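Asks: Let me see the structure of the following:
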Amino acid sequence: MKQTRKLTGIALALTVATVGQAVRADEIVIATTGGLMRNMMEEYFYLPFAEASGTEVIPFDIEVPDQWARAEGMARTGDVEFDIVTATGPDLVGKAEILETIPCDDLANVKEYALPGACQPKGIARTTGGMVMTYNTDTFAGNEPRTWADFWDTEKFPGPRGLPDTGDRDWWLPTVALLADGVAKEDLYPLDLDRAYAKLDEIKPHIAVWWKTGNQVQQIMRDNEVAITMSYSGRALKVIQDGSPFAMAWDGAIRDTGYLAVLKNSPNTEGAMKFIDFFYGSAEGHPGFIQAVGYATSSTIGLSQLPEEEQKLYATYPANYELLVDPDFEWIGAHRDELRERWTNWLLQ
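Replies: Now for the predicted structure:
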């Protein structure tokens with residue numbers, strides 16, 4: 001009986017086994033969101049891995065919600081088509097039963113080069129940024145905000161503000177609200193939602209833009225619609241590099257990591273783990289990849305090759321990394337419904 005990876009329903013139909021053959025061990029399929037990240041992963045890691053190992057990497061473009069819907073269907077039928085999938089921190093908790101355990105200590109390059117916390121039981125960091133406070137350096141010249149308490153201080157730091165109404169804002173914003181209210185980052189979880197929303201009530205009248213996309217948060221900075229905003233660090237970095245007068249304050253930024261995870265019973269689990277180890281040890285690929293996508297990898301072999309002034313613009317620069325909030329995804333995952341309901345009701349008030 002032949003085995004085939006059907007991968008149907010999307011423009012590219014992929015068949016990786018021929019009649020009478022088992023799925024070949026010399027290729028892996030990676031589910032990816034496409035765009036710049038996919039293209040740069042291909043240039044800097046997929047193709048070099050194929051050349052070094054003889055294992056072809058086949059990227060399959062699919063949005064994350066659709067990816068998980070397919071992955072869960074594969075788990076039910078036993079007909080698994082993807083080897084590696086894209087995951088968030090909460091995904092590693094919520095989808096744990098369909099994910100392989102990453103043997104962190106058995107992968108030589110991961111063990112040697114991974115930043116603390118990069119290798120989790122069910123996934124390993126691909127790129128890391130931060131949900132970071134970003135401010136206009138002209139507006140706040142000589143009086144720059146540094147913390148979320150400063151973001152809330154509209155008298156000392158006046159100006160229109162922006163916050164996200166997208167992604168994981170249902171726990172991002174309660175988290176930074178508690179920081180603004182004086183909670184130490186190591187004491188944030190479990191989140192005190194009553195205290196957090198009392199603090200959010202204070203800042204709500206001062207929010208000029210509830211931005212919904214990465215493109216939008218860049219545009220409101222470029223157009224001076226906001227003097228200070230929460231932003232994806234990679235998006236803020238591009239605005240800064242393009243010459244707009246903005247800077248990032250890393251104290252209390254929420255670590256925002258995209259993970260590589262391996263599906264249980266994937267056709268080429270061994271090849272997937274070899275790719276992960278290659279990714280962490282590929283010294284040649286990291287610098288160009290980091291500069292292209294605006295996010296640092298979590299391999300120490302990467303960022304250290306850039307000039308130090310440039311390193312300071314990324315979340316994994318040591319002085320920035322130690323300031324990041326490390327989310328408790330076990331707690332977040334267990335309270336997602338409560339978090340979403342509380343956020344939705346509050347925003348509509």
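Asks: which residues of the stretch 51-200 of the chain fall in strands?
Replies: 56-61, 84-87, 119-120, 123-136, 161-164 (DSSP state E, counting those that start in this stretch).
Asks: Compare those strands and report which one is nearest to residue 73.
Replies: Residue 73 lies closest, by Cβ to Cβ, to one member of the strands of the stretch 51-200 of the chain: strand 84-87, at 13.0 Å. For every residue, glycine as well, the C-beta is placed using N, CA and C.
Asks: Using TSV, please lay out the strands of the stretch 51-200 of the chain together with mean pLDDT.
Replies: Formatted as TSV, those follow (pLDDT from 0 to 100):
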stretch	mean pLDDT
strand 56-61	96
strand 84-87	96
strand 119-120	96
strand 123-136	97
strand 161-164	98
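Asks: Let me have those strands in CSV, extended by distance to residue 26 and mean neighbour count.
Replies: Converted to CSV, the strands of the stretch 51-200 of the chain look like this (distance: least, Cβ to Cβ, whole Å; neighbours: other Cβ atoms under 10 Å):
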stretch, distance to residue 26, mean neighbour count
strand 56-61, 6, 19
strand 84-87, 15, 27
strand 119-120, 26, 20
strand 123-136, 22, 26
strand 161-164, 42, 22
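Asks: Could you dump those strands into JSON lines and include distance to residue 262?
Replies: As requested, the strands of the stretch 51-200 of the chain are arranged in JSON lines below (distance: least, Cβ to Cβ, whole Å):
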{"stretch": "strand 56-61", "distance to residue 262": "14"}
{"stretch": "strand 84-87", "distance to residue 262": "6"}
{"stretch": "strand 119-120", "distance to residue 262": "12"}
{"stretch": "strand 123-136", "distance to residue 262": "8"}
{"stretch": "strand 161-164", "distance to residue 262": "30"}
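Asks: between those, which gets nearest to residue 237?
Replies: So among these, strand 123-136 is nearest, using Cβ to Cβ, at 8.5 Å.
Asks: from memory residue 176 sits against residue 148, does it?
Replies: Yes: contact status for residue 176 versus residue 148: in contact at 4.6 Å, counting by Cβ atoms under 8 Å.
Asks: Name the next helix or strand following the strand ranked longest in the chain along the chain.
Replies: Determined from DSSP state E, the single longest strand within the chain is strand 246-262. Going down the chain from strand 246-262, the next helix or strand is helix 269-281, by DSSP states H and E.
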